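**Student:** please find the sequence and the predicted model below.
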Amino acid sequence: AQKVTQAQTEISVVEKEDVTLDCVYETRDTTYYLFWYKQPPSGELVFLIRRNSFDEQNEISGRYSWNFQKSTSSFNFTITASQVVDSAVYFCALSEAGLLQGAQKLVFGQGTRLTINP
Amino acid sequence: SAVISQKPSRDICQRGTSLTIQCQVDSQVTMMFWYRQQPGQSLTLIATANQGSEATYESGFVIDKFPISRPNLTFSTLTVSNMSPEDSSIYLCSVGTGMNTEAFFGQGTRLTVV
């Protein structure tokens, strides 16, 4: 069975600090996808990144970066120079690489509530 | 990409009643997914809605409580039946449009049962 663990329930930092959100996953699939979503207080899910299991290249997008390590089954997310607007709940998720197009059924971690204080 | 319109965005319902949530997608998709997010919790998959066949429910969710319709490739409904306060949650529908895309989510329906 697939499982995603986000051990950090809540993180609170001061603005401009760097912060890393941890994500560890379990799957027996050899091909799978990993996701990060942001959920601000308004409740909608904002897509941040999707990573294929065969692509271990780390990615940077502005202040955001992701470190995918298949050897440790981790897909960590770092925010550099955090801002108050980064305050939200962040979810890591996993889906199998279904043969059927669009069959992206996600297993979510418990989420990490990130608070950036001014 | 896919744009998902979910209705209603929120509702307050009396216990014992039922609420039907609608999910409309701007393109044809094979599968639609319904998730529940209880207060302060993560998202849990309720069921997968397949066009032309019965929905596939995850463990802990049953059709009598959460009947789903999928009349065509762009629309689905989820009904929360015989509601109790424990059903107070955000309900979200989701689609995937291809093998190399994100999973798209509707804006969610925030349900409060009193």
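**Tutor:** Looks like it arrived, so ask away.
**Student:** okay, CA-based contacts and neighbour counts for the rest of this
**Tutor:** Will do.
**Student:** now do the contacts for the residue nearest to A:Asn117 when sequence neighbours are not counted.
**Tutor:** In this structure, A:Asn117 finds its nearest non-sequential neighbour in A:Val14, 4.7 Å apart by C-alpha to C-alpha, 6 or more residues apart in numbering or on different chains. Contacts for A:Val14 (C-alpha atoms under 8 Å, 6 or more residues apart in numbering or on different chains) come out as A:Ser82, A:Ile116, A:Asn117, A:Pro118.
**Student:** which single one of those residues is nearest to B:Cys23?
**Tutor:** A:Ile116 (33.6 Å; C-alpha to C-alpha).
**Student:** tell me which element that closest one falls in.
**Tutor:** Take DSSP states H and E as the rule and A:Ile116 turns out to sit in strand A:112-117.
**Student:** next, the buried residues of that strand.
**Tutor:** Buried positions in strand A:112-117, judged by neighbour count with 16 or more other C-alpha atoms under 10 Å in any protein chain shown: A:Thr112, A:Arg113, A:Leu114, A:Thr115, A:Ile116.
**Student:** on the three-state scheme, A:Ser71 is what?
**Tutor:** helix (DSSP: H, G, I helix; E, B strand; the rest coil).
**Student:** report pLDDT for it.
**Tutor:** In the predicted model, A:Ser71 carries a pLDDT score of 93.
**Student:** for the spatially closest residue to A:Asn52 that is not a sequence neighbour, what are its contacts?
**Tutor:** Distances taken as C-alpha to C-alpha, 6+ apart place A:Tyr33 nearest to A:Asn52, at 4.7 Å, with adjacent residues excluded. A:Tyr33 makes contacts with A:Arg50, A:Arg51, A:Asn52, A:Ser53, A:Leu94, A:Ser95, A:Glu96, A:Ala97, as judged by C-alpha under 8 Å, 6+ apart.
**Student:** low-scoring pLDDT stretches of chain B, where are they?
**Tutor:** Applying pLDDT under 70 to chain B picks out residues B:97-101.
**Student:** kindly report the residues of chain B close to chain A.
**Tutor:** B:29-31, B:33, B:41-45, B:95-99, B:101-108 (C-alpha under 8 Å from any C-alpha of the partner chain).
**Student:** tell me where chain B has helices.
**Tutor:** When assigned using DSSP state H, chain B turns out to have no helices.
**Student:** which of the contacts of A:Tyr33 tops the neighbour count?
**Tutor:** Ranked by the number of neighbours (other C-alpha atoms under 10 Å in any protein chain shown), the contacts of A:Tyr33 place A:Leu94 first, at 24 neighbours.
**Student:** related to what we said a few turns ago, any idea how far A:Val4 is from the residue nearest to A:Asn52?
**Tutor:** 12 Å (C-alpha to C-alpha, to the nearest Å).
**Student:** what bridges to residue 24?
**Tutor:** Using chain A. A:Thr5, A:Ser74 (DSSP bridges).
**Student:** the intended chain is chain B.
**Tutor:** Residues in beta-bridge contact with B:Gln24 (DSSP bridges): B:Ser5, B:Phe75.
**Student:** hang on, isn't it packed against B:Gln6?
**Tutor:** Yes - using C-alpha atoms under 8 Å, B:Gln24 is in contact with B:Gln6, at 6.4 Å.
**Student:** more crowded one of those two?
**Tutor:** Just comparing B:Gln24 and B:Gln6: by other C-alpha under 10 Å the higher neighbour count belongs to B:Gln6, 23 against 18.
**Student:** tell me the contacts of the more buried one?
**Tutor:** B:Ile21, B:Gln22, B:Cys23, B:Gln24, B:Leu92, B:Cys93, B:Gly106, B:Gln107, B:Gly108, B:Thr109.
**Student:** for A:Arg63, state which of the residues you listed is nearest.
**Tutor:** B:Gln107 (25.3 Å).
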